[in-house]
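J.: what shape does this take:
(one chain, ligands or ions: 1)
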Amino acid sequence: RKDLLDISSLDREEIDLLLDQAVPFKELFTRSVKKVPTLKGKSVLMLFYEPSTRTHSSFEVAAKRLSADVTNFDVPHSSVVKGESVRETIETLQAMRTDFIVVRHGRSGLPGMIAGMTKASVINAGDGAHAHPTQALLDAFTLKEVFPDLTGKKVLIIGDILHSRVARSTSTILKRLGVQVAYLGPGSLVPKCGPENTVRFTDYAEAMKWKPDVVYLLRVQMERQDVQYFPSLREYHKVYGVTEERLKQIDGEGLYLMHPGPVNRGVELCDGAMDYSRSLINRQVENGIAVRMAVLYWLKPAEE
Ligand code: CP
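T.: Numbers count the residues shown, from 1 in each chain. The predicted structure is shown next:
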């Protein structure tokens with residue numbers, strides 16, 4: 001496969017292959033092997049039109065651990081600010097014969113458009129509310145470490161499902177792996193359409209009666225909200241957040257906690273949740289490197 005644009009276009013065999021491939025890459029770190037020569041002589045271009053901490057840095061670390069050369073395209077200091085189009089940027093970068101382009105953009109579908117313009121392998125690092133396939137892969141990888149057989153496990157995703165590329169991609173991969181997925185959030189932010197057989201809740205207590213194994217919190221993305229339709233952050237925490245009291249219930253029932261980051265403390269979760277013993281949040285970040293190494297190893301740029 002040349003590009004990784006979303007989870008829906010992967011078949012089950014490809015998902016299993018990527019998740020299996022990430023295992024030996026993770027084992028390398030535990031054996032303190034910092035670098036392997038797999039992508040020596042290849043180049044990776046990081047093209048981030050939107051901010052990122054985890055995805056950007058873990059792709060950079062992953063590429064360097066595979067011995068690839070990494071170039072960070074500095075959007076704010078590039079000719080993009082002078083009005084250069086995405087097409088012109090890509091054509092310019094194509095002339096430099098890069099092998100991989102890792103792209104994040106606020107517009108849904110833009111990585112797909114770029115993939116059609118270049119021989120380089122394009123990896124979607126998050127596009128608008130559409131997809132975030134490597135987040136989904138690292139979420140699935142992390143869950144499989146806890147539950148080697150995911151069949152029948154239940155994951156409750158809480159938050160703004162409507163604007164969330166993470167919810168879209170992660171629920172798609174989890175369903176492919178046999179997980180039951182439910183959404184909980186304000187009615188206006190939980191879409192009526194979407195993946196089949198997804199249970200939808202608007203009430204926290206009702207959702208907990210569904211007996212999830214994992215509570216997956218989404219970041220409240222104020223940058224994508226029409227504030228007119230969004231409750232205040234305090235109100236959101238009270239109604240949908242993991243408060244100290246709810247954390248006790250989550251602990252009592254032995255549930256795991258996930259969040260793609262960055263976390264809004266006091267909104268999606270209380271301070272105590274950051275130190276919760278069954279929080280997988282740091283492990284998600286750690287696993288992001290191995291999963292992204294597996295993706296870079298697997299994709300094949302088009303022949304010149
Ligand atoms: N989860 C995630 O995409 O985080 P960043 O925005 O920091 O990359």
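
J.: ok, and what's touching the strand or helix carrying residue 246?
T.: Secondary-structure assignment from DSSP states H and E places residue 246 in helix 244-252. Outside helix 244-252, the residues within contact range by Cβ atoms under 8 Å, 6 or more residues apart in numbering are 204, 208, 215, 242, 257, 269-270, 272-273, 276-278. C-betas here are computed from N, CA, C, even on glycine.

J.: between those, which is nearest residue 32?
T.: residue 277 (26.3 Å; Cβ to Cβ).

J.: and the closest one, which of the three is it?
T.: Here residue 277 is coil, with the state taken from DSSP: H, G, I helix; E, B strand; the rest coil.

J.: where's it relative to residue 254, distance?
T.: Separation of residue 277 from residue 254 (Cβ to Cβ, to the nearest Å): 10 Å.

J.: how about the strands in the stretch 51-200 of the chain?
T.: Applying DSSP state E, counting those that start in this stretch to the stretch 51-200 of the chain gives strands spanning 69-73, 100-105, 121-127, 154-158, 180-184, 199-201.

J.: mind putting those strands in CSV, mean neighbour count and mean pLDDT included?
T.: Formatted as CSV, the strands of the stretch 51-200 of the chain follow (neighbours: other Cβ atoms under 10 Å; pLDDT from 0 to 100):
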stretch, mean neighbour count, mean pLDDT
strand 69-73, 15, 94
strand 100-105, 25, 97
strand 121-127, 26, 98
strand 154-158, 22, 97
strand 180-184, 23, 95
strand 199-201, 16, 91
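
J.: what sits against the closest residue to residue 12 other than its chain neighbours?
T.: Leaving out its chain neighbours, the residue that sits closest to residue 12 by Cβ to Cβ, 6 or more residues apart in numbering is residue 176, at 5.8 Å. Under the criterion of Cβ under 8 Å, 6+ apart, the neighbours of residue 176 are 7, 12, 15.

J.: quickly find the element holding the last one.
T.: Here residue 15 sits within helix 12-30, counting by DSSP H and E.

J.: now do the first one
T.: For residue 7, there is no host helix or strand (DSSP H and E).

J.: what sits against it?
T.: Counting by Cβ under 8 Å, 6+ apart, residue 7 touches 15, 131, 133, 136-137, 169, 172-173, 176.

J.: point me to the residue of the stretch 201-304 of the chain nearest the ligand.
T.: Nearest residue of the stretch 201-304 of the chain to the ligand (Cβ to the nearest ligand atom) works out as residue 260 at 3.7 Å.

J.: quick check: that residue vs residue 166, distance?
T.: To residue 166, residue 260 is 5 Å away according to Cβ to Cβ.

J.: residues in contact with both of these two, list them for me.
T.: Shared contacts of residue 260 and residue 166 (Cβ under 8 Å, 6+ apart): 132, 135, 139, 218.

J.: show the model's pLDDT score for the first one.
T.: Model confidence at residue 132, expressed as pLDDT, equals 98.

J.: and the lowest-mean-pLDDT helix or strand in the chain, what does it pack onto?
T.: Every helix and strand in the chain was compared by mean pLDDT, DSSP states H and E; the lowest is helix 86-95, with a mean of 87. On a contact count with 3 or more Cβ pairs under 8 Å, 6 or more residues apart in numbering; DSSP states H and E, helix 86-95 meets strand 43-48, strand 100-105, helix 110-115.

J.: poorly predicted segments of the stretch 51-200 of the chain, please.
T.: The stretch 51-200 of the chain contains residues with pLDDT under 70 at 193-196.

J.: and it, which residues reach the ligand?
T.: 52-56, 126, 135 (Cβ under 6 Å from any ligand atom).

J.: before we move on, back to that, can you mark which positions in the helix holding residue 246 are buried?
T.: Buried residues in helix 244-252, counted by 16 or more other Cβ atoms under 10 Å: 246-247, 250.

J.: what's the next secondary structure element after it?
T.: Counting by DSSP H and E, the element after helix 244-252 in chain order, helix or strand, is strand 256-258.

J.: near the ligand, anything from that following strand?
T.: No: Strand 256-258 lies apart from the ligand when judged by Cβ under 6 Å from any ligand atom; the minimum separation is 10.9 Å.

J.: just the angle between the helix or strand following that strand and strand 43-48, please?
T.: Of the helices and strands lying after strand 256-258 in sequence (DSSP H and E), the nearest is helix 281-298. Helix 281-298 runs at 130 degrees relative to strand 43-48, counting by axes from the mean of the first three to the mean of the last three Cα atoms, to 10 degrees.
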